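**Student:** structure for this input, please:
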Amino acid sequence: MEREHPAGGTPTLSQEHLAELQQAKRLLEHPGYVARITDVIGMPLEAAVKALPAAWTSKIAAVTNASLTKCLNVANATLRPSGTSSFPKLHSAAVALSGAAGGAFGIAGLAVELPVSTVVMLRSIADIGRSQGENLASGEAQLACLMVFSLGGKTAADDATESGYYAARIALAQAMSEATVYLAKHSLASESAPALVRLIAQIATRFNVHVSQKAAAMMVPIIGAAGGALVNTLFINHFQDMARGHFTVRRLERLYGPDAVSAAYLQLQG
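**Tutor:** Next comes the predicted model:
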C-alpha cells in the first residue's frame, strides 16, 4: 500500500519495499556474468570479443534481430496470463542443452542455437514477470518482457548521468510507447509492423553486445560442448537476474507510481 509523504505529495516507500528496491538495483546495475564467463574461458572476455572474425559481426547482428523478432509470441503462448510462481532452473537446464549443442559446433552453431535459447530465455523472463504480478495477456507486459534483453549495462549512447537501468528505459521509451499502442489495437502482432520493427531493432542493438560476448566465449578452442552449456547457463542466469530486478521495479511502480520509485532508486547506494 502507498505511504504518503509527510507533506502530502510524493508517496514514500516502506522499509520492506526499499530493501526490495535495493536488491533490484544491485541486480540491474552490477551484473557479474562477464567475470564468471571470463573464469570459464580463462581469458578476458573483451579480448575474446576482439578476436571474433570481422565477417561474423554482421551475421551475429542479423541472427540477434531475427531471434527477437520470432520469439515473443512463441514464448508467451505457453504461459498462463497470471500466476505467482516461476521455474528458473527448468529454463536454465533447457538453455544449457542448447548451449551444449552450440558449443559442440563452435560459432557456426550460433544461427541454429540462438533462436532456440532466446525463446527459452524469454519464456523464463515472462515466467518471472508473471510471478511478480504481470498480466501476460497485456501487450505492454509482453513488451516489458522483451525489454529485459536490453538490460545489463550501458551503451556508448547512454547518458552518463543516468543509471544503466534507467538509461535503457529512457532510450526505449518512445519505441515502447508506439509498440504498446500498436499491440492494443491488434490481436496478433505482425513482424513487419513498423512500431514493432523499431522497438526490436533498438533492443537488438543492446542484446547484440551480450550475444557477441557469448559467441566469443564459445569460440575459445577449449570450450567444447560442456563449456557451451556452462556459458549458456551463465547467459540465461544473467537475464533472469535482470528480469527479477526489472519486474520488482515495475511491481513497486504499480504501488507507488513511477516517479516515487525512480527517485528512491537513484538515491539508493548501488
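**Student:** sort out which residues of the helix or strand hosting Leu199 are buried, please.
**Tutor:** Using DSSP states H and E, Leu199 sits in helix 194-219. Residues 195-200, 202-208, 210-219 are the ones in helix 194-219 that count as buried (16 or more other CB atoms under 10 Å). For glycine as for every other residue, the C-beta is placed from the backbone atoms N, C-alpha and C.
**Student:** tell me the helix or strand right after that helix.
**Tutor:** Trace forward from helix 194-219 with DSSP H and E and the next one is helix 224-256.
**Student:** now do whatever helix or strand comes next after that next one: which elements does it pack against?
**Tutor:** Remark: after helix 224-256, the chain's next helix or strand is helix 258-267, criterion DSSP H and E. Where contact means 3 or more CB pairs under 8 Å, 6 or more residues apart in numbering; DSSP states H and E, helix 258-267 is packed against helix 15-29, helix 164-185, helix 224-256.
**Student:** now do the second one, average pLDDT.
**Tutor:** Put plainly, it is helix 164-185. Helix 164-185 carries an average pLDDT of 93.
**Student:** can you pull the poorly scored residue ranges out of the protein?
**Tutor:** 1-10, 73, 75-109, 153-163, 187-188, 221-228, 270 (pLDDT under 70).
**Student:** if we use 50, what do you get?
**Tutor:** When residues are selected by pLDDT under 50, those of the chain lie in 1-2, 4-7, 91, 95-97, 99-104, 106, 160-161.
**Student:** number of nearby residues for Ser19?
**Tutor:** Ser isn't right for residue 19; it's Ala. The tally of other residues near Ala19 (other CB atoms under 10 Å) stands at 12.
**Student:** before we move on, what about the one 5 residues further on?
**Tutor:** When neighbours are defined as other CB under 10 Å, Ala24 has 25 of them.
**Student:** what distance do you get for the closest residue to Ala61 other than its chain neighbours to Thr12?
**Tutor:** Leaving aside its chain neighbours, Ala61 sits nearest to Asn208 (5.3 Å; criterion: CB to CB, 6 or more residues apart in numbering). The gap separating Asn208 from Thr12 is 39 Å, by CB to CB, to the nearest Å.
**Student:** how about Arg244?
**Tutor:** In terms of CB to CB, Arg244 sits 23 Å off from Thr12.
**Student:** hang on, the earlier thing: most tightly surrounded among the helices and strands packed on helix 258-267?
**Tutor:** Highest mean neighbour count among the helices and strands packed on helix 258-267 (mean count of other CB atoms under 10 Å): helix 224-256, with a mean of 22.
**Student:** packing partners of that helix?
**Tutor:** By 3+ CB pairs under 8 Å, 6+ apart, helix 224-256 packs against helix 15-29, helix 33-41, helix 88-105, helix 110-131, helix 139-147, helix 164-185, helix 194-219, helix 258-267.
**Student:** among those, which is nearest Lys50?
**Tutor:** helix 194-219 (8.2 Å; CB to CB).
**Student:** show me what the closest one is packed up against.
**Tutor:** Helix 194-219 packs on helix 33-41, helix 45-50, helix 55-76, helix 88-105, helix 110-131, helix 139-147, helix 164-185, helix 224-256, going by 3+ CB pairs under 8 Å, 6+ apart.
**Student:** for the first one, which positions count as buried?
**Tutor:** By neighbour count with 16+ other CB under 10 Å, helix 33-41 contains the buried residues 33-34, 36-38, 40-41.
**Student:** export those residues to JSON lines and append columns for distance to Val63.
**Tutor:** Output for the buried residues of helix 33-41, formatted as JSON lines (distance: CB to CB, whole Å):
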{"residue": "Tyr33", "distance to Val63": "20"}
{"residue": "Val34", "distance to Val63": "21"}
{"residue": "Arg36", "distance to Val63": "23"}
{"residue": "Ile37", "distance to Val63": "19"}
{"residue": "Thr38", "distance to Val63": "23"}
{"residue": "Val40", "distance to Val63": "22"}
{"residue": "Ile41", "distance to Val63": "21"}
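**Student:** that's all I had, so thanks and see you.
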